[in-house]
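Enquirer: next comes the sequence, and after it the predicted model I'd like to discuss.
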Amino acid sequence: MPVDAGDGSKVGNDSKLGWKKTLLNFMHKLRTGLALSVLVLLFVVVLFWETVVVSHYPGQQGVYWSRFFGGTSNMILGEGTNFKFPWDDIIIYDMRLSSIEKTTTLLSKDGMEMEVQWSIRFRPKSSELPELHRKLGPDYARRVVLPEAISSLRQILGNYRAEEIFAHDENSLLKQLKENTLKHFGDYPVYIKNVLILRLVLPKDMAQGIVKKLLYEQEMLAYNYRLEAATHEKERLRIEAEGLKQFEEISKISMLKWRGIAATVELAKSENSKIIVIGTDSNNLPLLLNTDK
């Protein structure tokens, strides 16, 4: 039973009300503290979001670098969202084919300057991406691809004279370029698709001289072809003459007379042939008289 305190209030009810009030104050403080904690946490997440979350888009892979646990990891991170500690780093590489197009001045075997416009297509080797990052880094194209490609071009084109390059089979030349370039990149984790020569420009006088030489060579080939054709025709006529001579010896009939008889037979078959007069001499050819109807 509550006890009267002499002023009309009851001690038992005051104790119960004080306990409830204390509990409500505690819950209010707890709720306020929880809300502040959530707000602080959200602030920290927003503040460090870009340093914690890294997104990899299609065709991209990443290499994880740890500041306190061994540096570059052998783990390869694929497309999508990846997480890291704020003090670590994820380096992103484009795994699709990249292309570099350059114009370089090179020397031929005979010392002539050539302006070569070329391109190379390449990409990192996916399975060796951490090794690529350790050896070369993201600017591997500038460090390795460009110098090695130019070196390969110098080696291949430097083996030929200027006119030989123009006359050389294009597929064969590109095949040599690719094989030589692959040798240059044998120790690097880079895949080379191909090397292409887009344009090759010689000094104007040199280019004109090569064109004249090639035209003259074509004229000589045409002349030799005509000589060969005339030689074959001469041989054909010789064989034909020998055949005619043997025919006359065997048949005792001159070829002129034989052809005259053949022509007479053909003309006799014509509708316009009307009268055939046979000569009195055996050496004479038949006489044809054509009359209109």
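Expert: Yep, it's here. A quick note: this is a predicted structure, and the numbers were derived from the prediction, not measured. Residues are numbered from 1 along each chain as shown.
Enquirer: give me the below-cutoff pLDDT ranges for the stretch 151-293 of the chain.
Expert: For the stretch 151-293 of the chain, applying pLDDT under 70 flags the ranges 206-210, 255-256, 258, 260-261, 263, 265-293.
Enquirer: go again with 80.
Expert: Along the stretch 151-293 of the chain, the model assigns pLDDT under 80 to residues 162-170, 202-216, 244, 247-249, 251-293.
Enquirer: just checking, what packs against the top helix by length along the chain?
Expert: In the chain, with assignment by DSSP state H, the single longest helix is helix 204-251. Contacting helix 204-251 under the criterion 3 or more C-beta pairs under 8 Å, 6 or more residues apart in numbering; DSSP states H and E are the following elements: helix 162-167, helix 255-268. Where C-beta positions appear, they are placed from N, C-alpha and C, glycine not excepted.
Enquirer: how is the protein carved up into domains?
Expert: For the chain, automatic domain parsing gives the domain ranges 54-94, 98-202.
Enquirer: quick check: beta-bridge partners of the residue nearest to Lys102 when sequence neighbours are not counted?
Expert: Nearest residue to Lys102 in three dimensions, chain neighbours excluded: Trp118, at 6.3 Å (C-beta to C-beta, 6 or more residues apart in numbering). Beta bridges link Trp118 to Lys102, Ile197 when assigned by DSSP bridges.
Enquirer: could I get the contacting residues of Trp118?
Expert: Glu101, Lys102, Thr103, Thr104, Ala149, Leu153, Val195, Leu196, Ile197, Leu198 (C-beta atoms under 8 Å, 6 or more residues apart in numbering).
Enquirer: what is the nearest of those to Ala141?
Expert: Of all these, Ala141 sits closest to Ala149, with 9.8 Å by C-beta to C-beta.
Enquirer: any idea how far the closest one lies from Ile91?
Expert: Using C-beta to C-beta, to the nearest Å, one gets 24 Å for the distance from Ala149 to Ile91.
Enquirer: can you list phi and psi of Gly84 for me?
Expert: Residue 84: Lys, not Gly. phi -150, psi 170 (degrees, to the nearest 10).
Enquirer: give me the pLDDT value at it.
Expert: In this model, Lys84 is scored at 77, pLDDT.
Enquirer: so Ala149 and Ile91 - more neighbours on which side?
Expert: Neighbour count, other C-beta atoms under 10 Å: between Ala149 and Ile91, Ala149 has more, with 24 against 17.
Enquirer: Val116 should be in a strand, yeah?
Expert: Yes. Under DSSP: H, G, I helix; E, B strand; the rest coil, Val116 falls within a strand.
Enquirer: my read: it touches Val195, true?
Expert: No. Counting by C-beta atoms under 8 Å, Val116 does not reach Val195; the two are 10.9 Å apart.
Enquirer: which residues does His184 contact?
Expert: Taking C-beta under 8 Å, 6+ apart as the test, what His184 contacts is Glu148, Ala149, Ser151, Ser152.
Enquirer: Asn171 versus that one, what's the distance?
Expert: The gap separating His184 from Asn171 is 21 Å, by C-beta to C-beta.
Enquirer: so how far is Ser37 from Gly59?
Expert: From Gly59 over to Ser37 the distance is 41 Å, taken as C-beta to C-beta.
Enquirer: brain fart, Met114
Expert: In terms of C-beta to C-beta, Met114 sits 71 Å off from Ser37.
Enquirer: which one of the two has more residues nearby?
Expert: Neighbour totals were compared for Met114 and Ser37, and Met114 leads with 19 against 10 (other C-beta under 10 Å).
Enquirer: related to what we said a few turns ago, now, which of the contacts of Trp118 sits nearest Val211?
Expert: Ile197 (18.8 Å).
Enquirer: how far out from the middle of the chain is stretch 65-75?
Expert: What separates the centre of stretch 65-75 from the centre of its chain is 36 Å, taken as C-alpha atoms, centre = their mean, to the nearest Å.
Enquirer: shift numbering so it begins at 25
Expert: Sure, I'll start numbering at 25, so the last one becomes stretch 89-99.
Enquirer: buried set for the helix or strand hosting Arg147?
Expert: Using DSSP states H and E, the element containing Arg147 is strand 137-148. When burial is assessed from 16 or more other C-beta atoms under 10 Å, strand 137-148 yields the following buried residues: Met138, Val140, Trp142, Ile144, Phe146, Arg147, Pro148.
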